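A.B. asks: Quick one: sequence and predicted model below, then my questions.
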Amino acid sequence: MNKKLHISDAYLILVLLLMYLPIFVVIVYSFNGSKLSTVWGGFSFQWYRNLIHNSQLMQCLKNSLILAFLSCSVSAVVGTIGAVGITRIRWRTRGFLESVCIIPIMIPEIILGMVFLAFFSFLGMKFGMLTLVIAHTAFCIPYIFMMVKARLAGMDSSLEDAALDLGAPPVRVFLDITLPLITPAVLSGTLLAFAMSLDDVVISFFVTGPNTNTLPVKIFSQMKTGVTPEINALCTLMLAATFLIVILSRLISKKFK
Amino acid sequence: MKKLLSLAACAALFTALLSGCGSQQKQTLNILTWDGYIPSNVISEYGADNNVNINISNFTTNEEMLTKLQSSEASQYDLVIGSDYIVDIARKQNLLAEIDKTKMNNFNNIGKEFLNQYYDPESKYAVPYSAGTPLIVYDPSKVDTDIKGYADLWNPSLADKLVIMDDARNVIGITLKTMGKSLNETDPAVLQQASEKLNALRPNIRLLDYNNPQEAMLSGEAAVGYMFTSQVAAVLSERPDFKVVYPWEGMGFGIDNWFVPAKATNKDAAFDFLNYMYEPERFAYIAEQIQYLCVNNASEKYLSDAYKNNTALHIPSEVLGDTEFIEDIGTDAAAVYDEIWTKFKQQ
């Protein structure tokens, strides 16, 4: 019994190390005084200072955050409506429809990127924030759709029936019964979609325009000249923000329970 | 009702975004480039002095950039950078506009050895920006033999001491060079011999790294390296005691060029910005920042000693005369190269 516990502990530690050690290294090196990642040049806030003064990088970060916020907002609404709608239909095509709705995240990104490039060019649209938001919304919807659908499947449908039976109009039932019950799923789906939108390179590159450079595209492009330690600093700040959001969402979901 | 409201809010945001795009008074110059390829203060100073709004967007590979250029809306970019072989493809597809040299006086300062290359025989479309040649660099304290060329990399005393770039064309290319052949050899029989010769190099290789081989040299993990110019330059600026080899078999060469897409809407602004970058003193600053060979002859007197003493960046032009480009060899030959490389890596 005791030995078993030891193995599982070691396993847990190993997996956590694998997941967090690289992140820890990035955090440590964001405070490295040297430009080289193999040499420790003393503790310094130099890269954080550079980061704040790097207006191009900040602009890209802003573009990425706006893009993630807009595409998540739109896809949260569309995905939720879709999930609620699909559980109400009893057609034979339902299974087929469900598959169609989640296909965008199964298609390889590069293909989706090319498809959007060809499509927007065909329509003669100007490449920029609008095309970015449309493309990102398309691959963000399935995340929210799947989360909400799973939540709805586990929900007791007699709650809705009871409300309807007591004379509440369907809109009221949705707002007062269904929506509060699925809110945690909507939120976690949206957070997931937000992360997906924020780190997308391939699709973004194909649908972006001349004045909407996004952060991941910029970082990837640094491969040519070497990634600067400012990126380590930025990663550290974004990690801090991510942990904060996760903690907040835990607190919120606790409250809901 | 709430949903309707949020939908309306989204619609309002969209329209605000759309109208925001159309209301710019300033002239706009859209540049597509690798990140960090133009020092940011050069961009901001030009923008402020000339009341031009410069938008920088980035790409990762030449092929991605070409795809973007080929799509019908590519007219959004006014100035684009690309490597030699991709310029060749773009030129043959009529995607490039001629450089108006009357609007770019500083074009005359560009060294002859960088002009009239195979990808642009009359230097009409492309402006050479950064040139480089992969070199051998080594730590003399850890190497007993005197390295003079690629062939010395096969020396058994270098077992497990090499870091070389993870790139099929370059590494098979130098193998061909040791056999007295071209970097662009397509004869299957010769390539087969090269494959066998390359496999014999395997025991000497410590690691293959495309993006950061300089780190292995500086950390001492490897004693000999074969890597790109800016990487060798980075090694030398940390360790001036390391030695650079200009291989006697002949060197590979690569030039990244600026060009103006045929559909660009603001060509004059692009020429003007090019002229600005190629002002002798400013170009010396750029070459030092991006750490490539300086293609601008007039910049010579503005280069710092640190740059001039860096033997990876300051290569005598008589040595450069012997260079050869890695060219597009067609899909059939490329497949053979890939196969040789895969076999080599799987050993």
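C.D. replies: Cool, got the structure. Numbers count the residues shown, from 1 in each chain, chains lettered A, B, ... in the order given.
A.B. asks: Near chain B, which residues of the stretch 1-150 of chain A? Just list them.
C.D. replies: Contact residues, the stretch 1-150 of chain A versus chain B (CB under 8 Å from any CB of the partner chain): A:36-39, A:54-56, A:70, A:73-74, A:77, A:81, A:114, A:117-118, A:120-121, A:124-130, A:133. Placement of C-beta: from N, CA and C, glycine included.
A.B. asks: Just give me the residue closest to the centre of chain B.
C.D. replies: In chain B, the C-alpha closest to the average C-alpha coordinate belongs to B:D256, at a distance of 4.9 Å (CA atoms, centre = their mean).
A.B. asks: now the nearest residue to it once chain neighbours are set aside, which residues is it bridged with?
C.D. replies: Excluding the flanking residues, the one nearest B:D256 by CB to CB, 6 or more residues apart in numbering or on different chains is B:S130, at 4.8 Å. With beta bridges defined as DSSP bridges, B:S130 has these partners: B:D256, B:C294.
A.B. asks: Provide a list of residues in contact with B:S130.
C.D. replies: The neighbourhood of B:S130, defined by CB atoms under 8 Å, 6 or more residues apart in numbering or on different chains, consists of B:Y37, B:I255, B:D256, B:A287, B:I290, B:Y292, B:L293, B:V295.
A.B. asks: at 6 Å instead, please
C.D. replies: B:D256, B:I290, B:Y292 (CB atoms under 6 Å, 6 or more residues apart in numbering or on different chains).
A.B. asks: Make a markdown table out of the residues you listed and add pLDDT.
C.D. replies: Shown next, in a markdown table, are the contacts of B:S130 (pLDDT from 0 to 100):
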| residue | pLDDT |
| --- | --- |
| B:D256 | 94 |
| B:I290 | 90 |
| B:Y292 | 91 |
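A.B. asks: about what we covered before: go through the residues of the stretch 1-150 of chain A next to chain B and flag which are in helices.
C.D. replies: Secondary structure defined by DSSP state H assigns A:55-56, A:70, A:73-74, A:77, A:81, A:114, A:117-118, A:120-121, A:129-130, A:133 of the residues of the stretch 1-150 of chain A next to chain B to helices.
A.B. asks: And the helices in the stretch 51-200 of chain B?
C.D. replies: Taking DSSP state H, counting those that start in this stretch as the criterion, the stretch 51-200 of chain B carries its helices at B:62-70, B:84-92, B:168-178, B:188-199.
A.B. asks: Apologies, that question was intended for chain A.
C.D. replies: For chain A, the helices identified by DSSP H occupy A:2-29, A:46-53, A:55-88, A:94-102, A:109-123, A:129-153, A:157-165, A:170-173, A:179-198, A:202-207, A:215-221, A:229-256, in order along the chain.
A.B. asks: what packs against the longest one?
C.D. replies: What that stands for is helix A:55-88. Using 3 or more CB pairs under 6 Å, 6 or more residues apart in numbering or on different chains; DSSP states H and E as the contact test, the elements touching helix A:55-88 are helix A:129-153, helix A:179-198, helix A:215-221.
A.B. asks: Would you reformat those as TSV and include mean neighbour count and distance to B:T323?
C.D. replies: Converted to TSV, the helices and strands packed on helix A:55-88 look like this (neighbours: other CB atoms under 10 Å in any protein chain shown; distance: least, CB to CB, whole Å):
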stretch	mean neighbour count	distance to B:T323
helix A:129-153	22	41
helix A:179-198	20	43
helix A:215-221	23	27
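A.B. asks: Now render those helices as CSV, adding mean pLDDT and distance to A:L159.
C.D. replies: Supplementary listing: these in CSV, determined by pLDDT from 0 to 100; distance: least, CB to CB, whole Å:
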stretch, mean pLDDT, distance to A:L159
helix A:129-153, 93, 11
helix A:179-198, 90, 8
helix A:215-221, 90, 42
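A.B. asks: closest one to B:I174 among these?
C.D. replies: With CB to CB as the criterion, B:I174 lies closest to helix A:215-221 of these, at 27.7 Å.
A.B. asks: the domain parsing of chain B - what is it?
C.D. replies: What the record gives for chain B is the domain set B:24-132+B:254-314, B:135-250+B:322-346, from automatic domain parsing.
A.B. asks: Tell me the pLDDT of A:R49.
C.D. replies: Reading off the per-residue confidence, A:R49 sits at a pLDDT of 88.
A.B. asks: coming back round to it: quickly name whichever of the contacts of B:S130 is closest to A:L65.
C.D. replies: B:I290 (29.2 Å).
A.B. asks: B:A151 contacts B:L176, correct?
C.D. replies: No: in terms of CB atoms under 6 Å, B:A151 does not count as a neighbour of B:L176; the distance is 11.8 Å.
A.B. asks: who has more neighbours, these two?
C.D. replies: Applying other CB atoms under 10 Å in any protein chain shown to B:A151 and B:L176 shows that B:L176 carries more neighbours, namely 22 against 17.
A.B. asks: which ones are touching the more buried one?
C.D. replies: When the contact criterion is CB under 6 Å, 6+ apart, the partners of B:L176 are B:E185, B:A194.
A.B. asks: Much appreciated, bye for now.
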